[in-house]
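Asker: Structure for this input, please:
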Amino acid sequence: MESAIPPHLQCPRLRHRRVPDDYVPPYPATVARYRSEVTRVAMAYFGIQHRADALAPALAARALHCIAEAFAAATGPGHWDRARCVDAAGYLTTVSIGYWDDPAAYATWFAEHGARWASGAFNDPALGLFTEVLQPAVDRFETLFSADVVEGVAGVSSGLGQPIQEHAYWGGMRDRLALSQTDGMAPEGAPQVVTEGLHQRVLPHGNLCLIRSGQDWTGTQGNERRMYTEEVEPVLRAGMDFLQAQGRQVDCYANRYMAVVDAQGQPVDKSFGMGWWRSLAALERWAESHPTHVAIFGAAMKYLGTMGPAAQLKLYHEVTVARAEEQYFEYFNCHPRTGMLGAVTGA
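Answerer: This is a model prediction of the structure:
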């Protein structure tokens, strides 16, 4: 068993972990490992939205094709995927998510391909586009996997490591962040918006938190699949719906519960929630004590307790706490509750 924090990021602790040094987790889990020369990654969300109760604008398919082509460029992401949801305002939102482990390659790619996405290049009155990017240093994000299958930012890692110690207890995600050894990561400031016609930029605050937390039930069959789809997923969806509709009550700025789709746009047996939070502490409070997450945790524990080691459901998450200068939010013709716009408009 090893620490979630790699040796080259370990330092004398100024802040204590939530568990003693001899803690042994009740089941194994792993984290993504990165080459020591990787100092920063890029997580870039390119979104497109239109009314779900109307025909998609013809330009929507063209825009999705263009971003996929752009991702295939020499400086494109080392890993990308696509997912969609219907948001609280009734807009079908499709997001193409690219991951880079080289900030210079990302900067080159963005200047050539990404900068035009939410600038009006795909201008249609029925279409909104947005770009949401984090470029955290490696001490500011963490991952966790229940099985040996990588997702999300782990797609640009060297793979998964050995079983780790810092999991299966409240506070584990904080303890997996290398920065937590010396910094409490409290939020700094408040977001603001700059509007020029249909174009809007959100100027973020320090230590904003993003979580992407996913499930893959591809390998489930029979009673296990029934138990997940009928007993676990509805409880998970209720929690995600609460965060989408009422998240501001718990300092969640925005939440999307997304269905992963394939290259042809067809849903696969994977989903994830992605949420923008005012702070890691706010996310921790919701996870530890809010009735919606207590219900999710209870349903998941019942499921895993019933299935035991034979469970085929694969779970993962990635959590990032980013400095203000590591964030970029741009929106074009989007409704006021879109992503981080909702943190500023209060819509």
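Asker: need the strands for the chain, in chain order.
Answerer: For the chain, the strands defined by DSSP state E cover 32-33, 42-51, 79-86, 91-100, 128-134, 141-145, 159-160, 192-196, 199-203, 208-216, 252-261, 267-277, 314-322, 327-332.
Asker: Which among the ones you listed is found nearest to residue 222?
Answerer: Closest of those to residue 222 is strand 267-277, at 14.3 Å (criterion: Cβ to Cβ). C-betas here are computed from N, CA, C, even on glycine.
Asker: contacting residues for the closest residue to residue 287 other than its chain neighbours?
Answerer: In this structure, residue 287 finds its nearest non-sequential neighbour in residue 293, 5.1 Å apart by Cβ to Cβ, 6 or more residues apart in numbering. By Cβ atoms under 8 Å, 6 or more residues apart in numbering, residue 293 lies in contact with 239, 286-287.
Asker: can you check residue 184 too?
Answerer: Residue 184 sits next to residue 15 when contact means Cβ under 8 Å, 6+ apart.
Asker: again with residue 128
Answerer: Counted by Cβ under 8 Å, 6+ apart, residue 128 has contacts 48-50, 91, 331-335, 338.
Asker: quick one: which of the residues you listed is nearest to residue 280?
Answerer: For those, the closest approach to residue 280 (Cβ to Cβ) belongs to residue 338, at 23.1 Å.
Asker: ok, now how distant is the closest one from residue 68?
Answerer: Distance of residue 338 to residue 68, given as Cβ to Cβ, to the nearest Å: 22 Å.
Asker: Looking only at neighbour counts, state which of those two leads.
Answerer: Counted by other Cβ atoms under 10 Å, residue 338 and residue 68 do not tie: residue 338 has more neighbours, with 27 against 14.
Asker: and the more buried one, what pLDDT?
Answerer: pLDDT recorded at residue 338 is 96.
Asker: Tell me which stretches of the stretch 51-200 of the chain form helices.
Answerer: 58-71, 103-109, 172-176 (DSSP state H, counting those that start in this stretch).
Asker: before we move on, the earlier item: would you tell me which of the strands of the chain gets closest to residue 17?
Answerer: Nearest of these to residue 17, taken as Cβ to Cβ: strand 141-145 at 13.3 Å.
Asker: Ends of stretch 125-142, what's the gap?
Answerer: 39 Å (Cα to Cα, to the nearest Å).
Asker: what's around the spatially closest residue to residue 62 that is not a sequence neighbour, how many residues?
Answerer: Once flanking residues are discounted, residue 62 sits nearest to residue 122: 7.2 Å by Cβ to Cβ, 6+ apart. Close neighbours of residue 122, defined as other Cβ under 10 Å, add up to 22.
Asker: got the contact list for residue 122?
Answerer: Contacts for residue 122 (Cβ under 8 Å, 6+ apart) come out as 48, 59, 62-63, 66, 129.
Asker: Now render these as CSV, adding distance to residue 29.
Answerer: Shown next, in CSV, are the contacts of residue 122 (distance: Cβ to Cβ, whole Å):
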residue, distance to residue 29
48, 34
59, 43
62, 41
63, 38
66, 38
129, 36
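Asker: Among those residues, give me the pair with the biggest separation.
Answerer: Farthest apart among the contacts of residue 122 by Cβ to Cβ are 62 and 129. That separation is 11.9 Å.
Asker: out of the two, which sits in the busier spot?
Answerer: Set side by side, residue 62 and residue 129 show more neighbours around residue 129, with 28 against 11, by other Cβ under 10 Å.
Asker: can you tell me which residues contact the more buried one?
Answerer: 46-49, 63, 117-118, 122, 331-334.
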